[in-house]
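In: pasting the sequence and the predicted coordinates here, then a few questions.
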Amino acid sequence: MIFIRSKISTLHAACLIGGALMLNSCGDQKRESANELDLSGNIQIDGSSTVYPITEAMAEEFRMVAPDVRVTVGVSGTGGGMKKFSRGEIDIVNASREINASEGELAKENNLRFVELPVAYDGLTVAVHPENDWVREITLAELKKIWEPSAQGTITHWNQIRPEWPNEEIHLYGPGVESGTYDYFTEAIVGESHSSRGDYTASEDDNVLVQGVSTDPNALGFFGFAYYEENQDKLRAVPVDDQNDSNGKGAVLPSRQTVKDGTYAPLSRPLFVYVNSSAAARPEVIEFVNFYLDNAAILSEEVGYIQMTEEQYQEQKEKFEEFVQQASQQ
């Protein structure tokens, strides 16, 4: 099994352990250490496998400054996590897409208010085995032809996509239907969220998808950029052409720069955590979320995602502070 873990440099770790780091600075504007607040309690988090590496790294670092707070991070996919979150079963949900209407309605039925906090950017990566020497780039129309519902049982060989590609079976790998990555990809590529062919190898665990593509020369799969970057010695990312003739950029590889500047379109996206109002009234949750926003720039990069700007993180901190004040008045 391939796992992504935080790779914190000595300098970064020293900053984090010594106190919550304010964005990229390690000397100025430090908040009071969580240890000094004598915190305890449990924080329950679940949801997206894509956001998991950031939140798990954050939980590990937070344990160093608040050892009496137990932070549990599960992986049931954005959809699975949102169901638990909307029923009030967990405090925070990791999400690789925005909350949808039915989930929001369920939260309302359970008298649950929440705040949405973007924490990083990701680029959905289309990947093949390194021995695949024919797919040098792919268009959105070709991806749709492969993944749309009508392709099931019909589009089964590479040469059905382009005649010059080999007459070999395509073996597809992708997230399960509870995944926010699946929702985002199907909306961007097929044109309708939660709509695709069903005859592919599906998993809520991106490591399983990486393992599948990296051992099958006829495979094509998609997953978060961090999982590609961590395993790029055994995968090859495919440049995607959005076929927008007005910009003339052609096929674009996912990278930290192309995701951040938006040229890797339409497969660049924000990643989120959601916090419910009852959790936001507890001091250990307040401290953890502030710690998360203070350190998301560093840790998102450390585990392979793309940081937002300092101004964007400050906006999220102000939004969360306002939400906490409202939660305390309930």
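Out: Looks like it arrived, so ask away. Numbers count the residues shown, from 1 in each chain.

In: low-confidence ranges, the stretch 1-150 of the chain, go.
Out: Along the stretch 1-150 of the chain, segments meeting pLDDT under 70 span 1-37.

In: tell me the first helix or strand C-terminal of the strand or helix carrying residue 122.
Out: Using DSSP states H and E, residue 122 maps to strand 114-123. Using DSSP H and E, the helix or strand that directly follows strand 114-123 along the chain is strand 125-128.

In: that next one pairs with which strands, parallel or anti?
Out: Sheet partners assigned to strand 125-128 using DSSP bridges are listed as strand 219-223 (antiparallel), strand 236-237 (antiparallel).

In: would you turn the ones you listed into a markdown table with mean neighbour count and mean pLDDT?
Out: Glycine gets a C-beta too; all of them are placed from N, C-alpha and C. Shown next, in a markdown table, are those (neighbours: other CB atoms under 10 Å; pLDDT from 0 to 100):
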| stretch | mean neighbour count | mean pLDDT |
| --- | --- | --- |
| strand 219-223 | 26 | 97 |
| strand 236-237 | 18 | 97 |
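
In: nearest to residue 314, of the ones you listed?
Out: Residue 314 lies closest, by CB to CB, to one member of those: strand 219-223, at 30.5 Å.

In: among the strands paired with strand 125-128, which is nearest residue 259?
Out: Between residue 259 and those, the shortest gap by CB to CB is with strand 236-237, which sits at 11.8 Å.

In: any idea how far residue 93 is from residue 109?
Out: 17 Å (CB to CB, to the nearest Å).

In: who has more neighbours, these two?
Out: Taking other CB atoms under 10 Å, residue 93 and residue 109 do not tie; residue 93 has more neighbours (31 against 10).

In: list the beta-bridge partners for the more buried one.
Out: On the basis of DSSP bridges, residue 93 is bridged to residue 46, residue 274.

In: check residue 268 too.
Out: For residue 268, the beta-bridge partners are residue 123 (DSSP bridges).

In: so it makes contact with residue 184?
Out: No. Counting by CB atoms under 8 Å, residue 268 stays clear of residue 184, with 10.0 Å between them.

In: which non-adjacent residue is nearest residue 97?
Out: Spatial nearest neighbour of residue 97, excluding adjacent residues (CB to CB, 6 or more residues apart in numbering): residue 180 at 3.8 Å.

In: apologies, that question was intended for residue 224.
Out: Nearest non-adjacent residue to residue 224, counting by CB to CB, 6+ apart: residue 50, 4.1 Å away.

In: what does residue 167 give?
Out: Spatial nearest neighbour of residue 167, chain neighbours left out: residue 159 (4.8 Å); criterion: CB to CB, 6+ apart.

In: so the one you found touches residue 135, yeah?
Out: No. Counting by CB under 8 Å, residue 159 stays clear of residue 135, with 11.9 Å between them.

In: the more surrounded of those two?
Out: Of the pair residue 159 and residue 135, residue 135 is the one with more neighbours under other CB under 10 Å, namely 19 against 13.

In: ok, the more buried one touching residue 165?
Out: Yes. At 7.2 Å, residue 135 and residue 165 qualify as touching, with contact defined as CB under 8 Å.
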